[in-house]
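**Student:** structure here, sequence nowhere to be found:
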Ligand code: F6R
């Protein structure tokens, strides 16, 4: 793992957006699709803002971009404003020229008896494109990436999981109370994420400092799934000053 530390999350997000933009342009010049794995939550918001700005002001086109989102709550209707489907359209997809058929987000409304097959198909669809060229990640206080909570297997694929209590506590305010936070989610697996050719994990602020220290400097363990990234050959942790405070 490489880590880069910036004074501000804004500056860091601009650099990450530039890396994504140059990957998109590079693939465009070769006539290839660009396969992006995307995250929701507070961490990537400024990256998406900058990509939207580049689309509007610099003509960055997303016509060759195919996206796969990491996760979605389950059950969750896509029209619900708490859904990750809604989040992605609000922050990115509604403002760029991506083709709607190129957007992939786990369906939080898939019938329970079709869930297993849905997850297999999601995984196969990523593979059919030759895997993810770039995966953007945040990190939860449990050490989750995607919604791979503690206990997740190194080789796990897309599947349904039970959310950790701490994750539900952290989501409680946006759901107006923990009782409204779904207990389950669909998430890409650790294996899915680790197959990406390039991974960038974002973490901002004090409350991520402890888990960032464990993720980067701790031993590799299923108890902190982000430690699995230590074995990936092309991962960068992009941090602001506060998230990096506990690193030795
Ligand atoms: C979201 C996701 C999660 C978040 C993590 C951090 O798609 O996969 O792993 O990245 O919970 O969330 P924020 O950025 O809100 O601190």
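**Tutor:** Arrived safely. Here the structure is a predicted model, which is why all the values come from computation and not from measurement.

**Student:** so which bits of the helix or strand hosting residue 89 are buried?
**Tutor:** Residue 89 belongs to helix 84-91 when assigned by DSSP states H and E. By neighbour count with 16 or more other CB atoms under 10 Å, helix 84-91 contains the buried residues 84, 85, 86, 87, 88, 89, 91. For glycine as for every other residue, the C-beta is placed from the backbone atoms N, C-alpha and C.

**Student:** stretch 17-31 now?
**Tutor:** Going by neighbour count (16+ other CB under 10 Å), the buried part of stretch 17-31 is 17, 19, 20, 21, 23, 24, 27, 28.

**Student:** what's the answer for stretch 71-86, then?
**Tutor:** Going by neighbour count (16+ other CB under 10 Å), the buried part of stretch 71-86 is 71, 72, 73, 74, 75, 76, 82, 83, 84, 85, 86.

**Student:** same thing with stretch 220-240?
**Tutor:** Result for stretch 220-240 [16+ other CB under 10 Å]: buried residues 222, 224-229, 232, 235-240.

**Student:** ok, and the closest non-adjacent residue to whichever residue of the chain sits closest to the ligand?
**Tutor:** Closest residue of the chain to the ligand, CB to the nearest ligand atom: residue 138 (2.4 Å). Distances taken as CB to CB, 6 or more residues apart in numbering place residue 43 nearest to residue 138, at 3.8 Å, with adjacent residues excluded.

**Student:** let me know the pLDDT of that neighbour.
**Tutor:** Residue 43 is assigned a predicted lDDT (pLDDT) of 98.

**Student:** quick one: which of the buried residues of helix 84-91 is nearest residue 169?
**Tutor:** Residue 169 lies nearest to residue 84 out of the buried residues of helix 84-91, by CB to CB, at 18.5 Å.
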